[in-house]
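[1] 3D, please:
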Amino acid sequence: MALTASDLPAMYSLLANSMSGDESVRRPAEAALSQSESRPGFCSCLMEVIASKDLVSHVDVRGISNEEKIHLRQKLLSHLREENYKIAEMLAVLISKIARFDYPREWPDLFSVLAQQLHSADVLASHRILMILFRTLKELSTKRLTADQRTFAEISSQLFDFSWHLWQTDVQTVLRGFSTVVQSYSSNSAEQHHDELFLTCERWFLCLKIVRQLTISGFQSDAKSIQEIKPVKEVSPLLLNAVQSFLPYYSSFQNRDTKFWEFVKKACVKLMKVLAAIQSRHPYSFGDKCVLPVVVDFCLNKITDPEQASLPFEEFFIQCMVMVKSVLECKEYKPSVTGRVMDENGVTFEQRKKNASNAVSGIVSSLLPNERIVLLCNILVRRYFVLTASDLEEWYQNPESFHHEQDMIQWSEKLRPCAEALYMVLFENYNQLLGPIVVSILQEAMNNCPPSVTEITPALLLKDAAYAATAYVYYELSNYLNFRDWFNGALSLELSNDHPNRRIIHRKVAMILGHWVSEIKDDTKRAVYCSLITLLQDNDLAVKLAASRSLCLHVEDANFSEQYFIDLLPICWESCFKMVEEVQEFDSKVQVLNLISVLLGHVSEVTPYAQKLVQFFQKVWEESSGESLLQIQLLVALRSFVIALAYQSPICYSILLPILQKGIDINSPDALNLLEDSMAVSFHSITYIPFFSADTNVSYKNDAEPHVQLWETTLSYAPMMVPQLLACFPYMVDIIERSFDHLKVAVSIMESYIILDGGEFLNMHASSVAKILDLIIGNVNDKGLLSILPVIDILVQCFPAEVPPLINSCLQKLVIICLSGGDDRDPSKTAVKTSSAAILARILVVNTTYLAQLTSDSSLSMLLQQAGVTIEDSVLFCLTDIWLDKVDNASPMQKKTFGLALSIILTLRMPQVLDKLDQILSTCTSVILGGDRDLTEDESSGDMSSSRSQGEGTPPSKELRKSQIKVSDPIYQMSLEKSVRENLQTCSTLHGDAFNSAISRIHPSELAQVKQALKLP
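    All right, here's what the predicted structure looks like:
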């Protein structure tokens, strides 16, 4: 039943109750509202509530009738003069969401109605209309279809002139108003019309955002079209003029009117951001001689202004630097040479692009003569790199926070990181000019502040800045600065003074040693390693954390020299253990754990420190209870520990196995917390790969949860099976039942269990194995099947009598896969069918009776019928056709398996055998003469290399165990030649004259090959 005006009181009551803090009141109201959503008139009823009670609720308007939509749209546009700002903002959002679906087809007059009402609106109404316009334009600009972008371009052409004119009018109104306000300060006049002026300011700001949206999204980027965007040339200079006009009012309002002062800051920053956005979107149009020179010149002058007192606020400086950096690294401003692409005028597109680039490049060069480049470099280093009093106070109060803010903050959010980013781009563009300059700054700073200085003086702070400048551009600067001489003559001496104030220089030395790692030669490595270990023991946490990061870079370096580092390991471990106890912040603990993981992964001498590491992991794990994000990092480090210990990993089982058992029990609260947080924390580069059939809603994740990865690693390096590991396997059923996210790792885990102790494993967990395989087969796509089929193959290989009956359901699915069509043009389906057929062929060879029962089972016939597979002959002979067909797609071992299975087919007392005799003999001959030799060479070389890699007394590796299983494989040991020869004789005995007749139909040359292969007379 439809909602009407009489339902308004009840609806308002429900809405009010739905926001109650009392759950007993809120829940029934929410349920009632949910039920009402499907009733006709619901949205209209809400609209009436909005109009009468100043209440807004979010609703999905896509499912309502067209009549109600028309009513809603009209009603929404009748409330353009909403005084409550929050309600007005929600109305604007609601209109924009409706417009996304209804404009232009169902709401073609939206913009014309808004524009018409804007002409006669007062300040408040016009502000609200512009708010709606901005929200709607922003929403429509995100639609990416070509037709939608064309529609937005049409909107831009209709609205731009009007919006731009309004912006120009308002900026003059605002500036006149500011002038009046400032004059009133000197005359002590009372505040008048400030509210209306501020509303005009906000309207102008909205108009600025609209102009930006129209200019950025309403025109194709000129980097692609090489077409001049006229609004860029018209808008940009006036935006810059507005910045210049607003800036003086920053100081005028600073201590008098907070509201206008904040607006001036916001306006100036936004204007610069708009200019930067236009330059990025339309670089060629922005590169015009009327735009680029004045903007860049203005920014450079502001950055290099020597009058500290006249410098504006930090956020504005950042935007000036962002603009200069964007221009310096803009690829469109650098000439490029590419292939010829002709347009209709016969002029190459790339030539036009090159000409435009050359023109702008000339403008940039004229803006940045050598003197100005050198000046900018000096200003960046000497002014913006220098730590301020507030920086030093922050460091003193919280060294950890200071380190992470300096190290991890987004470069465009703080002034110093922004200056550093600009400096690096500047140096990259002009390294030959600036290389000697930076070296001279460094030399000057070192001369004026020897290592003995302990006071925090301007000279010491300049030295810190100079060290930063040399660290950031190490690659280009290495041509002008010899690291060995610098290290021996200065950097190493800095560490001799351990005064607390020297932490400033110590931290920067640690950073330099990390940045310059690629330039450090063997004759200096030992001294550098010693210096980093010394810094790792510094009294200041910011220095320690910087040293730990640099040490990571050295240990991970391809030229890491363990021989120079090995005797430093004990003190390095102790420093790491101590630092984990000292630090408080999550990022700090992760950084230290990362260093421990890196050390475990790159040094060979881990076993002597194993007990201390076990104690460390035990202590930290206990202390991290409830901190699942930290435990994830601990699991990563623990996994590195297991890999480093290799086949001595049982040393750490006392801590490892309890952690593992708790973590893989996905029904425990701790495991659930780790699961949720592991989704958010990427300890590897996480990649999602499609791994499932089209009707599944899950996807395969290339990297598993940390506990599952740790489980896999533990098994891979286990010298023998232990009861605790054996008892873990049933948890795999729960993991696979939940999702296939970890299929790749689960396959490896199952394989490890089979290889490590298959007999005991199967005795204990046969039903779990069967359940897991049945869950996977038929529910994953070809990629998933190709990962699990080798596990089935190795199971059958190791336990030919026990496994086939156990996994009967899976094998029936494999038969269906083999006999289904659709793989002619799909390589992955061909690979799946080939591997499935090879498993069935193996079973025929090693457990002939079972396969005969499987293929004659009535339940299989029913399943084939349900799958739409038509069988004209027996299932076994259909499989024979598959073996004959797929032999060319098979691996050497699979080819031999097919050959042995086909030779067994020769022993059947069925006349159809003779119909296939020619094909069977041809296939077997091909395998004997070619594939069998390849198989022998492949398997023997792999086995021998595995054997050679294994030392005396070392437990066999997983790969060696796999090789040993392959060597003991009955298929590997059997002679295909002998089998075919004997079974051919049996076939002759069974079929007599019919056999001779079939043989006589074989081409003489083929028959000669058969005799050659079988060594027949």
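
[2] could you pull out the helices for the stretch 601-750 of the chain?
    610-623, 628-645, 653-664, 669-680, 706-716, 723-726, 730-738, 743-776 (DSSP state H, counting those that start in this stretch).

[3] and the third one, which residues are buried?
    Within helix 653-664, the residues that qualify as buried by neighbour count (16 or more other Cβ atoms under 10 Å) are Tyr653, Ile655, Leu656, Leu657, Ile659, Leu660, Gln661, Gly663, Ile664. Every C-beta, even on glycine, is put in place using the N, C-alpha and C of the backbone.

[4] ditto for the longest one
    Residues 743-758, 761-762, 764-765, 768-773, 776 are the ones in helix 743-776 that count as buried (16+ other Cβ under 10 Å).

[5] okay, and for the stretch 751-900 of the chain, where does confidence drop off?
    Scanning the stretch 751-900 of the chain for pLDDT under 70 picks out 823-824.

[6] so how far is Leu638 from Gln618?
    According to Cβ to Cβ, to the nearest Å, Gln618 stands 10 Å off from Leu638.

[7] which neighbours do the two share?
    Common contacts of Gln618 and Leu638, defined by Cβ atoms under 8 Å, 6 or more residues apart in numbering, comprise Ile655.

[8] Comparing the two, which shows the higher neighbour count?
    Shown here are Gln618 and Leu638; by other Cβ atoms under 10 Å, Leu638 has more neighbours (29 against 15).

[9] The more buried one is in contact with His707, isn't it?
    No: contact between Leu638 and His707 fails when scored by Cβ atoms under 8 Å: they sit 10.0 Å apart.

[10] Overlap in contacts, the two.
    With Cβ under 8 Å, 6+ apart as the test, Leu638 and His707 both reach Ile659.

[11] related to what we said a few turns ago, quick one, which of the helices of the stretch 601-750 of the chain gets closest to Pro335.
    When the helices of the stretch 601-750 of the chain are compared by Cβ to Cβ, helix 669-680 sits nearest Pro335, at 44.4 Å.

[12] just checking, what packs against the longest helix seen in the chain?
    Longest helix of the chain, by residue count under DSSP state H: helix 146-187. Judged by 3 or more Cβ pairs under 8 Å, 6 or more residues apart in numbering; DSSP states H and E, the packing partners of helix 146-187 are helix 110-119, helix 123-141, helix 194-217, helix 230-246, helix 248-253.

[13] which helices and strands sit right next to the fourth one?
    If I follow you right, that is helix 230-246. Checking 3+ Cβ pairs under 8 Å, 6+ apart, helix 230-246 ends up next to helix 146-187, helix 194-217, helix 258-281, helix 283-286, helix 292-304.

[14] Which residue lies closest in space to Ile216, excluding its sequence neighbours?
    Nearest residue to Ile216, sequence neighbours excluded (Cβ to Cβ, 6 or more residues apart in numbering): Arg281, at 4.9 Å.

[15] Just the local confidence number for the one you found, please.
    pLDDT, Arg281: 94.

[16] Next: Glu344.
    50.

[17] which residues are in contact with stretch 290-304?
    232-233, 236-237, 240, 243-244, 275, 279, 285-286, 311-312, 316-317, 320-321, 323-324, 327, 360, 363-364, 366-367, 372, 375-376, 379-380.

[18] Please repeat the previous calculation with a cut-off of 6 Å.
    For stretch 290-304, contacts defined as Cβ atoms under 6 Å, 6 or more residues apart in numbering pick out Lys233, Ser236, Leu240, Leu275, Cys320, Met323, Val324, Val327, Ile363, Leu367, Leu375, Ile379.

[19] Kindly report the same for stretch 872-890.
    818-819, 830, 834, 837, 840-841, 855, 871, 895, 898, 901-902, 905, 912, 919, 923.

[20] same check, this time on stretch 515-529
    Outside stretch 515-529, the residues that reach it (Cβ under 6 Å, 6+ apart) are 471, 474, 478, 483-484, 487, 513, 553-554, 557, 561, 564-565, 568.

[21] Swap in 7 Å and give it another go.
    Applying Cβ atoms under 7 Å, 6 or more residues apart in numbering, the contact partners of stretch 515-529 are 471, 474, 478, 483-484, 487, 492, 513, 553-554, 557, 561, 564-565, 568.

[22] ok, which pair from those residues is furthest apart?
    Longest span within the contacts of stretch 515-529, Cβ to Cβ: Ser478 and Leu568, 25.7 Å.

[23] okay, and for the stretch 401-550 of the chain, where does confidence drop off?
    Low-confidence regions of the stretch 401-550 of the chain, defined by pLDDT under 70, span residues 407-409.

[24] Please, where are all the strands along it?
    Counting by DSSP state E, counting those that start in this stretch, the stretch 401-550 of the chain has no strands at all.

[25] Enumerate every residue touching Val439.
    With Cβ under 7 Å, 6+ apart, Val439 has these contacts: Tyr480, Leu481.

[26] so how far is Asn479 from it?
    For Val439 relative to Asn479 (Cβ to Cβ), the value is 10 Å.

[27] hey, which of the helices and strands packed on helix 230-246 is tucked in deepest?
    helix 283-286 (a mean of 25; mean count of other Cβ atoms under 10 Å).
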